[in-house]
Structure formats: C-alpha cells, structure tokens
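Q: no letters, just coordinates:
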C-alpha cells in the first residue's frame, strides 16, 4: 500500500509515463484511421499526461525517487491503473472503442488516486492524491463528453 509521499510520487511517475505512451498509441491509431479530431485529442491527452508526469517529478525533486522494477510497484490488481485491461491498440479499433478504452484507463487512474486520498492518514499525501484525482476526474469528464457526442 502506498503510504508515503515518496512512494506516491514514484507510482505517479510510472502511471503517467504509461498513460502518455498509451495516448500516443491511440493518437497514432486514430491518425492511421484518418480521424484527425481524435488524433489531436489523444495527442493532447498524451501531452497532459507528460505534464502530470513532470509535475510528479518536480514535486519529488527534493526527494530521491527510487527506481522500481515492475514487480516492486504496489498496484491494485498488480497492474498500473491506467493500463489495466490494456492489451494494445487494435489497428481496426473504432473511434468509440478507442474512447472507451481511454475512459476505462482514466477511471482506473482516478480511482487509484482517490483511493489513496480517502484512506491515508498523512495530510500531505491526502492533499496531493486528491489533487491528482481531480485532474484524472477532469480527463474522465472530457472523454465522457466525446463518447456522448459520438453516440448521437
């Protein structure tokens, strides 16, 4: 269980690295499909994930963040929340499928951060996790809006 700011930031760095890679893949896939709107959207989401990653690195700047092997991370279900259920991008993936895959990842990321905020007794960690959870909630809202528009 993540119980310290140092551990939280270490996990956040890895989570956001993986999210950025996933969004880059989705952007490339939508570009191949000719969906320029979603290509740009997923490109922006990759950018936001890299900004979140940079924020986590900067916050840990005065702390030495350890490098962990994949098996050393403490993820729910043993897999990084933003990549849980992620088996790669199918070249034939529809726009709606891509959005739903992204939504699943963002919901998992939000639940991860919100869960830490809700359970930690550490005030600094609680505030930081709540802030990260709110950023993920904003991503969820953006994707839900696009899904609603796609279904109309």
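A: Done, it's in. Just so we're clear, the structure is a prediction, and the values are computed from it rather than from any experiment.
Q: show me where this structure has its strands.
A: Counting by DSSP state E, the chain has no strands to list.
Q: any idea which helix or strand of it has the worst average confidence?
A: Comparing helices and strands within the chain by mean pLDDT, DSSP states H and E singles out helix 5-32 as the least confident, with a mean of 91.
Q: list the helices and strands that one packs on?
A: Counting contacts by 3 or more C-beta pairs under 8 Å, 6 or more residues apart in numbering; DSSP states H and E, helix 5-32 packs against helix 36-59, helix 95-119, helix 123-151. Every C-beta, even on glycine, is put in place using the N, C-alpha and C of the backbone.
Q: now do the longest one against helix 5-32, angle only.
A: Read that as helix 123-151. Counting by axes from the mean of the first three to the mean of the last three C-alpha atoms, to 10 degrees, helix 123-151 lies at 20 degrees to helix 5-32.
Q: buried ones in helix 123-151, by neighbour count?
A: For helix 123-151, burial by neighbour count (16 or more other C-beta atoms under 10 Å) applies to 125, 128-129, 132-133, 135-137, 139-140, 142-143, 146.
Q: the first one too?
A: If you call a residue buried by 16+ other C-beta under 10 Å, then helix 36-59 has these buried ones: 38-39, 41-43, 45-46, 48-50, 52-53, 55-56, 59.
Q: over to the second one?
A: For helix 95-119, the buried set under the neighbour-count rule, 16+ other C-beta under 10 Å, comprises 95, 98-99, 101-110, 112-117.
Q: if we can go back for a sec, and residue 75, which of the helices and strands packed on helix 5-32 is closest to it?
A: Smallest distance to residue 75 across these (C-beta to C-beta): 7.8 Å, for helix 95-119.
Q: low-confidence ranges, this structure, go.
A: 62-66, 84-91 (pLDDT under 70).
Q: how does it look with 90?
A: Applying pLDDT under 90 to the chain flags residues 1-3, 6-7, 17-18, 29, 32-33, 53-94, 97, 150-152.
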